[in-house]
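**Q** Below is the structure, and that's it, no one-letter string:
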């Protein structure tokens, strides 16, 4: 009796029917326009802040770390510390963190894009968003998905320019948001480099149609999709398509007269096609901030990576080029300390708000220049090259003319050198080594200044010997990164094949 | 417990009838523990019911029949003694303590039981051996005290929690810590600090604890149902006893020191090594001779400790009370790490009438821990930094006033270069400046309390209701200097947080005890229990300070440019129904059955309720008439089986719930896919089987158990292929299975007791085998891999093949072949016949299983002695059968511009030299040491025998005290003790129990943890 009374009394006490306070259930996530927009922002967030060793920090896949991967695989920036050493000395393997971090965080971003892509039409039919809003969001998600896959296919697959039928990387066009999707997801194999490029061009073409004409460099719009297409076509050696895409956006963007402008004032110049924004509140932290990793310790940064004395002392870099101007009383492209020369493109070492610049119009201009040179349109090529180069040189230095180049190859070389100067410390070096080695123009990764050997300014300002090491022939299996061991081990039904040699 | 039973004994014995007499015998009953007399002991004429009890000074007088031969003396807690009467009329007897513990009352969860009737596996640990020791929390001192209970202290940071495992590791991704229950209330067992390591059990004053009961097998734990799989530790705090108020004051003062230090290069040695590394890659020399600095001096110290505990207890028949005040202040061996605790407790029990009782327990503790950054891989991590800082530069530079006299570069980026041409790798800061200027503090107010009402409804039938609360008010404060170290990049930062946890628990139980037909002893308990726990937190921080002045004490409004805030909320609840049925027939045939049904808020509605049954049987063979052994006085066999659960699931409070969590994108607050839904998620199931025996052979009491625990439906954060992009690359699923099986032994004896000298020994041994039997895929971390067919968290990585004597190249196994590293990243085949050949292509090293990380055997051995007024205890712990990855050493063999372990001095320098340190090439760490996984070059056996404590005490004779203080002081004992004085091990690192990881899947990695602590102390126990 007493027991029963006690049970009856206490059963009114419900302590188990509790609901989470921090997760919006799947079914409610696309319920209104605000939430749909929030989910789209979630894709940007995954691109901007990334994932490293199980935590959201460090700047994968499109923060500082990824920029540094692109630079550290090449020879124009120099590694001075342990952080990026594995990449710099080609010491990666299927377990090393940096290459795995890039893979993991890119696919995380891709799945977020796919989830949005799958849910937008439902949101329209429920009346949560209009068709126009849906189209813009769909275009953004498709653009971001293509951008991520292009990054993957460059780092993990052999170049298109060599062999389009080489193994690609898994390209999933459906979301994995339920246990039942795991099996079909695992079944998606690597395909070929060709199939990856086909799908990402399909995504970009669709994005181009859907996207609006916005001008913010921080959200994808029509011009963004076109610019990325131009980059992709350059990798595919589809030269005339590069020019076609370039022509579509000449009215939208312009190379800035001041070469430093794209890196100042929040990065919203006419040259800034697409960047991932960082703010005081939203950034990948000190270890994912370009200003801290690349900046001069005298300016509060950590100085893990310097400009390589190899490019700094290159005879082809004009000494009066403003892109080697030293910061002093006035702003400059580099800053100098007793230990060496650091880039000064990124400056906010306190709140880490420098954007991660993904595409600048100058890149597309130089791509168009190269495409024209490849097609024999040398005059057009030289004009485009000058539009980038001359703005950085004093009027006393004459612009190039066609006559300055012995042949088309010499012109192409000049354009590629210009790309190295213009995009120094922007992570573009390895993608270019990748495509150029694939076509045989380069033989692989050139020799770099030996890791941790450049210990003073004299390596930049005198003729002291620069020790070199870490070159890598294109034929080496290390030229492309291994598929993460985790990827292969954890695919229970259809593990993808490892790159040969690993 | 003995004294509590005195009352029962007295009342029982007074009804013993007194028959016709013909002879009177008088005498006195004493013991080594109570030399002034054992009151209440029974004196009975053998073979009769004739007897008496001793009075308060232990004396007795009994009339015996003329034909009586033997008197039997007995008392709870002592061995029964038989004495021939002969012709004597005076018989004085000294009773020997009964160390076999068979007659003790054991707390079993929602009730108690006599030790002799227990059929499950329950270990009791008395606090008396532990309570005077110096420790930040009681849990660390349970190590080695009971079979099957493994406790390791993985580092020397005060506030970091020991790893407690009962009968092995019983979960993979979920919690593996036992349920902790204090005075019947399950307590919140989660570290609520984000600033420092703050073991929640450090809020409990060890001096308030009376005893610990560790529930190990299924039967004993089944009453805790879904939370029982990792075992249960029941803690009983001290309560008042009938009698005059007893005041006791216990104090100790001591010193903490590091058990060992890293053996690093001196400045002069390092200059040679550093330049040699660079010369070998044709790089210029950077190091120049300077001073010889051991940077460990900048982070290690000897710390002072003190403890004070004052308690008052006593009571009348109806009201009993216990009050205590405690204070401890402990300084770790690592600078900046201190723990202070102020504790108060009051426990009161009152009988309103013979049928109605009320009572309460209440404790309040304020704990303040200051800590530091000791990240294994953090640039300002104390041990990481101090072992890498360049040893040829000084710590201080008195002329550097901009940095308060510390040796720091003018730009604040790193430690000053001294005579070197470069600073340390990764620009590590001057750790002395960091420790002096960065401050981490966790403060914690903890209130633990319960109140009960108990009513006897009928003879043997008692109802009880109890409300418990556990309130944690934790706040954090972290401030980092803008000038140097971790705060430099943000120009100074201050973070404050408030992280409370609140729990209430309401239990209602009915207990019925009866004896039917004299021989059938029945004890039934049934109850309901509700528990609700709420965790929430918010934090605020500021960076980019206008002036350092403002950052030191608190967040000060308007002193910083950037402000951030954050917060979180989660809650958990249980509603539960449980029952237990204990039955014994003549104390000979024993049976126990328990069942619990839990409703669990962490699971989806469909799978929320689970039922967990368990039972055990016992047979006291020694009570059978056919059993007639003069050697074996007690012999019981028992067996148990239960299915219990673990709901300490990975994935927080709502691991089943799928959906979108908040993410802060630069363009605005967004949502991101956070968790894949799995409403089918359930608790993990443990099927626990146990057989055991308890036996007393002569003076030796032995317990032995064999157990097997099949864990099924283990919730794995089952890894998914990263390219699927699933959040965290895992989905929580009930997919794993494993078992733990093992053998436990305990033997204890009163080896010698000749009145003046006594020696008690207590030895335990545990052997455990762990094997994972089902997984979706192997679970792989940087150092460990867990795979079906092997134990959890085996070391996995590269197999070292030595150094090529011809050229000093590092060599590893690639499958069955040996390959050598040529250059920074090229692998070439090694031919032992032609070691100088480096042109034959080779494949990269491959990975192997390199050793298990869980000890296979472990135990403890306590020996306590008394000699007159002197007492001593020596306590030894041992463990072995495991392997350790000495990651600290691998880091210290680094090839960059930073300090090294002295082992590097044996590097290869000339052709033909046989060594295990390759030629040093600057910057080639990654491949030379294969840093991406474990490496057999640095894997060592973890076997050890540790002398855990040595305690020596002297009790001032009662008479002396009486003369000196005229009765004001009842007792006084001085003691001196050393904890962790020495260890016998072949492990080359600082301590074989050093461990960077305390989870299950990553384990056995000694990686830049703070050195384990050795404590010397002296103290005093006084009773008034």
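**A** That came through, no problem. No experiment lies behind these values; they were computed from the predicted model shown. Residues are numbered from 1 along each chain as shown, chains lettered A, B, ... in the order given.
**Q** can we go C-alpha only for contacts and neighbour counts from here?
**A** OK.
**Q** give me the number of residues near residue 479?
**A** Just going to use chain A. The number of residues packed near residue A:479 is 21, by other C-alpha atoms under 10 Å in any protein chain shown.
**Q** My question was about chain B, not that one.
**A** Each residue near residue B:479 was counted by other C-alpha under 10 Å, and the total is 26.
**Q** in what helix or strand does it lie?
**A** strand B:461-480 (DSSP states H and E).
**Q** again with residue A:152
**A** Here residue A:152 sits within helix A:131-156, counting by DSSP H and E.
**Q** From the rest of the structure, what touches the helix or strand just after that helix?
**A** Once the chain leaves helix A:131-156, the next helix or strand it forms, by DSSP H and E, is helix A:182-187. Counting by C-alpha atoms under 8 Å, 6 or more residues apart in numbering or on different chains, helix A:182-187 makes contact with A:172, A:176, A:491-495, B:720-721, B:724, all of which sit outside it.
**Q** Repeat that for stretch B:372-386.
**A** Stretch B:372-386 has contacts (C-alpha under 8 Å, 6+ apart) with B:196, B:295-296, B:298-299, B:336-337, B:426-429, B:431, B:434-435, B:438-440, B:485-486, B:996, B:1007-1010.
**Q** Same list, those residues, but only the ones touching chain A.
**A** Contacts with chain A within these, as defined by C-alpha under 8 Å from any C-alpha of the partner chain: B:426-427.
**Q** if we can go back for a sec, for the strand holding residue B:479, name the packing helices and strands.
**A** Here strand B:461-480 touches strand B:439-458, strand B:493-498, strand B:501-516, going by 3 or more C-alpha pairs under 8 Å, 6 or more residues apart in numbering or on different chains; DSSP states H and E.
**Q** Would you mind giving these as TSV with mean neighbour count and mean pLDDT added?
**A** Output for the helices and strands packed on strand B:461-480, formatted as TSV (neighbours: other C-alpha atoms under 10 Å in any protein chain shown; pLDDT from 0 to 100):
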stretch	mean neighbour count	mean pLDDT
strand B:439-458	21	96
strand B:493-498	24	97
strand B:501-516	20	95
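**Q** Pipe those strands into CSV and attach distance to residue A:460 per row.
**A** As requested, the helices and strands packed on strand B:461-480 are exported to CSV (distance: least, C-alpha to C-alpha, whole Å):
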stretch, distance to residue A:460
strand B:439-458, 40
strand B:493-498, 36
strand B:501-516, 58
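**Q** Which among these is found nearest to residue B:412?
**A** Distances from residue B:412 to each of the helices and strands packed on strand B:461-480 were compared using C-alpha to C-alpha; the minimum, 15.8 Å, belongs to strand B:493-498.
**Q** close enough to count as contact, residue A:162 and residue A:439?
**A** Yes. Contact criterion C-alpha atoms under 8 Å: residue A:162 and residue A:439 qualify, at 5.5 Å.
**Q** Could you list the low-confidence segments of the chain?
**A** Unless you meant another one, I'm taking chain A. In the prediction, chain A carries residues with pLDDT under 70 at positions A:1-13, A:52-57.
**Q** Chain B is the one I meant
**A** Low-confidence segments of chain B, defined by pLDDT under 70: B:1-21, B:33, B:77, B:98-103.
**Q** quick one, domains of it?
**A** Following automatic domain parsing, one gets these domains for chain B: B:2-95, B:105-237, B:255-261+B:855-884+B:941-996+B:1008-1023, B:800-842.
**Q** Return the most buried member of those.
**A** Comparing the domains of chain B by mean neighbour count (mean count of other C-alpha atoms under 10 Å in any protein chain shown), domain B:105-237 comes out on top with a mean of 23.
**Q** Please, which helix or strand holds the residue nearest to residue B:325 when sequence neighbours are not counted?
**A** Once flanking residues are discounted, residue B:325 sits nearest to residue B:344: 4.7 Å by C-alpha to C-alpha, 6 or more residues apart in numbering or on different chains. Assigned by DSSP H and E, residue B:344 falls within strand B:338-351.
**Q** In its sheet, which strands sit next to that strand, and in what direction?
**A** Pairing partners of strand B:338-351, with direction, according to DSSP bridges: strand B:319-331 (antiparallel), strand B:356-371 (antiparallel).
**Q** Could you check the domains of chain B and tell me which one is nearest residue B:514?
**A** Among the domains of chain B, if distance is taken as C-alpha to C-alpha, the winner is domain B:105-237, at 13.8 Å.
**Q** Off-centre distance for that closest one?
**A** Between the mean C-alpha location of domain B:105-237 and the chain-wide mean there is a distance of 8 Å, by C-alpha atoms, centre = their mean, to the nearest Å.
**Q** And stretch B:204-213, end to end?
**A** 16 Å (C-alpha to C-alpha, to the nearest Å).
**Q** elements contacting the stretch of helix or strand residue B:221 belongs to?
**A** Secondary structure assigned from DSSP H and E places residue B:221 in helix B:218-221. With contacts taken as 3+ C-alpha pairs under 8 Å, 6+ apart, helix B:218-221 sits against strand B:589-600, strand B:609-620, strand B:632-646, strand B:684-697.
**Q** can you do 10 Å?
**A** Under the contact definition 3 or more C-alpha pairs under 10 Å, 6 or more residues apart in numbering or on different chains; DSSP states H and E, helix B:218-221 sits against strand B:122-126, strand B:209-215, strand B:232-237, strand B:589-600, strand B:609-620, strand B:632-646, strand B:684-697.
**Q** Quick check: neighbours of the second one in the sheet, parallel or antiparallel?
**A** Read it as strand B:209-215. For strand B:209-215, using DSSP bridges, the partner strands are strand B:122-126 (antiparallel), strand B:232-237 (antiparallel).
**Q** what does the fifth one give?
**A** With DSSP bridges as the test, strand B:609-620 is paired with strand B:589-600 (antiparallel), strand B:632-646 (antiparallel).
**Q** what about residue A:198, neighbour count?
**A** Applying other C-alpha under 10 Å, we find 12 residues neighbouring residue A:198.
**Q** ok, now residue B:746?
**A** That count, for residue B:746 with other C-alpha under 10 Å as the rule, works out to 20.
**Q** Just give the closest residue to it, not the sequence neighbours.
**A** Spatial nearest neighbour of residue B:746, chain neighbours left out: residue B:764 (4.3 Å); criterion: C-alpha to C-alpha, 6+ apart.
**Q** quick one: contacts for that neighbour?
**A** Contact analysis of residue B:764 by C-alpha atoms under 10 Å, 6 or more residues apart in numbering or on different chains lists B:144-148, B:702-704, B:744-748, B:858-862, B:877-878.
**Q** and if you look at residue B:633?
**A** B:622-623, B:627, B:695-699, B:701.
**Q** redo that, cut-off 7 Å
**A** Residue B:633 makes contact with B:622, B:696-697 under the criterion C-alpha atoms under 7 Å, 6 or more residues apart in numbering or on different chains.
**Q** Kindly report the same for residue B:261.
**A** For residue B:261, the contacting residues are residue B:990, by C-alpha under 7 Å, 6+ apart.
**Q** mind checking the backbone torsions on it?
**A** phi -130, psi 170 (degrees, to the nearest 10).
**Q** Then residue B:431?
**A** Its backbone dihedrals place residue B:431 at phi -70, psi -30, with angles given as degrees, to the nearest 10.
**Q** Same question for the one 4 residues further on.
**A** For residue B:435, the backbone dihedrals (degrees, to the nearest 10) come out as phi -70, psi -30.
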